[in-house]
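Chemist: here you go, sequence then predicted model.
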Protein chains: 2
Amino acid sequence: MNGSDSTSTVPSSGAPRRSDATRGAILAAARERFATDGYERATIRAIAKDANIDPSMVMRYYRNKEGLFAAAVAIDLRLPDVSGADRRQDAGRILVEHFLDMWENNEVLTALLRVGVTNQAGAERMQGILRDQLLPVARQVCPDPEQVPARAALMTSQLLGLALTRYVLRMPPAVGLARAEIVAWLAPTIQRYLTAPSP
Amino acid sequence: MNGSDSTSTVPSSGAPRRSDATRGAILAAARERFATDGYERATIRAIAKDANIDPSMVMRYYRNKEGLFAAAVAIDLRLPDVSGADRRQDAGRILVEHFLDMWENNEVLTALLRVGVTNQAGAERMQGILRDQLLPVARQVCPDPEQVPARAALMTSQLLGLALTRYVLRMPPAVGLARAEIVAWLAPTIQRYLTAPSP
DNA sequence: AAAGAATGTCAACAGTCGTTGGCAAACAAC
DNA sequence: GTTGTTTGCCAACGACTGTTGACATTCTTT
């Protein structure tokens, strides 16, 4: 039920501490609360209660609420490589399918979008993801380097728009779309944004 | 600077009251605060201060915060008619241009999106707009009535996604897009979502 | 077994929030 | 001029927020 897949609970360096379980419980609870409630309504008290610990532990391990948020939404999109000549013409479909997998198995993305819309730190985090992870993908398949930012922005607008209407606003017609339907409609759009000659 | 265009400050029925100026000031301040801060951080005290009145006046005129929000974000997208045979094949371009005009001249839309992401009432309001205003447009141009909800959802995902990245998250590459560029890229997408045979 | 660090609980702080009721001034009707 | 209504300000309420420091407990090391 929780997203213990992409963001490991245990830090990669240093000896494992006895409090790692608590740290992990806090992060998991924080991700869930941020994803469903947004930044302001995800209170430290509620997160602590979900994690079955005292609110003051959150402060001890993550300094303050901003620190907790920063730790909770660290994410790597693990975007697939689409630089091969054969995969380049399939980039649209590959990317759309990868995004659907990501959104459906990782509540960090929902938390990030919900918070990014009303919180400056969240918005900057999203800008960073676009800059560090999506731009490079566009660079792999787009011919003219000068057009890379524009094409990446277009791709992002379509992918985030689908996530917004389907996973955040939960608009009934968007929720009702079948996965195959989404791929069939969106893949050509993304492919065109990335590789078609500018109109 | 404010959006006194689409949503009239003075109610359409009843004798004009002496307090209409105050009511209007409250609504204008509320729209601006909701648009920039979201629901939770747009406090009644801050809105009242912007409107140069006492916080209790807000409660007198709009019952509570929910009532104020409902009054502040009433909006009519005034979507153009695209049912004519000649306009039907231009629907994509017409709709994209109309949406850009709307977003750039009306802060109600920003308020609605910012609030809809973290607030249930806001999300339902957005669902209502899709149902009452966007679905009919799709119905005008889409051949098969059974496919109307899916096509409207696809159109909405692309249009809201652009608004999200450009006007709310303000991602630099999305902000950097020229208006003509957006129209040239998005119009074919919308046109395809509405009229192309299902893939 | 003793000492020290790590982990956790408890109670409280200062501030902000939405909301309420009482009271003064400005206006309208007679 | 008196009455009643509208419009506004002021002070306060209870609840909730992020955050802090003191104290108890458990583990680790010697």
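Modeler: Cool, the structure landed.
Chemist: from here on, just use CA atoms for contacts and neighbour counts.
Modeler: Noted.
Chemist: and residue A:157, what is it in contact with?
Modeler: B:158, B:161, B:162, B:164, B:165 (C-alpha atoms under 8 Å, 6 or more residues apart in numbering or on different chains).
Chemist: in the helix or strand bottoming out on mean pLDDT in chain A, which residues are buried?
Modeler: Least confident helix or strand of chain A, by mean pLDDT, DSSP states H and E, is helix A:85-88 with a mean of 90. Of all the residues in helix A:85-88, those buried under the rule 16 or more other C-alpha atoms under 10 Å in any protein chain shown are residue A:88.
Chemist: beyond that helix, next helix or strand please.
Modeler: Where DSSP states H and E defines the elements, the next helix or strand beyond helix A:85-88 is helix A:91-105.
Chemist: on the pLDDT front, check the spatially most central residue of chain A for me.
Modeler: Taking C-alpha atoms, centre = their mean, the centroid of chain A lies closest to residue A:109, which sits 3.1 Å from it. Residue-level confidence at residue A:109 comes out at 97, pLDDT.
Chemist: pretty sure it contacts residue A:99?
Modeler: No - using C-alpha atoms under 8 Å, residue A:109 is not in contact with residue A:99, being 10.2 Å away.
Chemist: got a list of what the residue nearest to the centre of chain A touches?
Modeler: A:35, A:73, A:102, A:103.
Chemist: quickly find the element holding it.
Modeler: Taking DSSP H and E as the definition, residue A:109 sits inside helix A:107-116.
Chemist: could you point out which element follows the helix or strand hosting residue A:28?
Modeler: With elements taken from DSSP H and E, the one containing residue A:28 is helix A:20-41. Scanning forward in sequence from helix A:20-41 by DSSP H and E, the next helix or strand is helix A:44-50.
Chemist: mind checking how far that next one is from the chain centre?
Modeler: Averaged C-alpha coordinates place helix A:44-50 at 23 Å from its chain's average position (C-alpha atoms, centre = their mean, to the nearest Å).
Chemist: same question, stretch A:152-163
Modeler: Relative to its chain's centre, stretch A:152-163 lies at 12 Å (C-alpha atoms, centre = their mean).
Chemist: report the buried residues of that stretch.
Modeler: Residues of stretch A:152-163 classed as buried: A:152, A:153, A:154, A:155, A:156, A:157, A:158, A:159, A:160, A:161, A:162, A:163 (neighbour count, 16+ other C-alpha under 10 Å).
Chemist: intersect those residues with the contacts of DNA strand D.
Modeler: Among the buried residues of stretch A:152-163, no residue sits close to DNA strand D (C-alpha under 7 Å from any atom of the strand).
Chemist: quick one: which of these is nearest chain B?
Modeler: For these, the residue nearest chain B by C-alpha to the nearest C-alpha is residue A:161; the value is 3.4 Å.
Chemist: which residues are in contact with that closest one?
Modeler: Residues near residue A:161 by C-alpha under 8 Å, 6+ apart: B:156, B:157, B:158, B:159, B:160, B:161, B:162, B:164.
Chemist: mind listing what residue A:95 touches?
Modeler: Residue A:95 touches A:79, A:80, A:187, counting by C-alpha under 8 Å, 6+ apart.
Chemist: quick one: which of those is nearest DNA strand C?
Modeler: Distance to DNA strand C, by C-alpha to the nearest atom of the strand, is smallest for residue A:79 among the contacts of residue A:95, at 34.2 Å.
Chemist: secondary structure element holding that closest one?
Modeler: Using DSSP H and E, residue A:79 is not contained in any helix or strand.
Chemist: repeat for residue A:177
Modeler: Residue-wise, residue A:177 maps onto no helix or strand under DSSP H and E.
Chemist: how close does the nearest residue to residue A:36 once chain neighbours are set aside get to residue B:175?
Modeler: Distances taken as C-alpha to C-alpha, 6 or more residues apart in numbering or on different chains place residue A:111 nearest to residue A:36, at 7.1 Å, with adjacent residues excluded. Applying C-alpha to C-alpha, to the nearest Å, the value for residue A:111 to residue B:175 is 23 Å.
Chemist: and the pLDDT for residue A:60?
Modeler: For residue A:60, pLDDT reads 97.
Chemist: buried residues in the regular element (helix or strand) spanning it, which are they?
Modeler: Counting by DSSP H and E, the element that carries residue A:60 is helix A:55-62. In terms of neighbour count (16+ other C-alpha under 10 Å), helix A:55-62 has its buried residues at A:55, A:58, A:62.
Chemist: show me what that helix is packed up against.
Modeler: With contacts taken as 3 or more C-alpha pairs under 8 Å, 6 or more residues apart in numbering or on different chains; DSSP states H and E, helix A:55-62 sits against helix A:44-50, helix A:65-72.
Chemist: ok, now with 10 Å
Modeler: Judged by 3 or more C-alpha pairs under 10 Å, 6 or more residues apart in numbering or on different chains; DSSP states H and E, helix A:55-62 is in contact with helix A:20-41, helix A:44-50, helix A:65-72.
Chemist: the longest one to helix A:107-116, inter-axis angle?
Modeler: Using axes from the mean of the first three to the mean of the last three C-alpha atoms, to 10 degrees, the interaxial angle of helix A:20-41 with respect to helix A:107-116 works out to 30 degrees.
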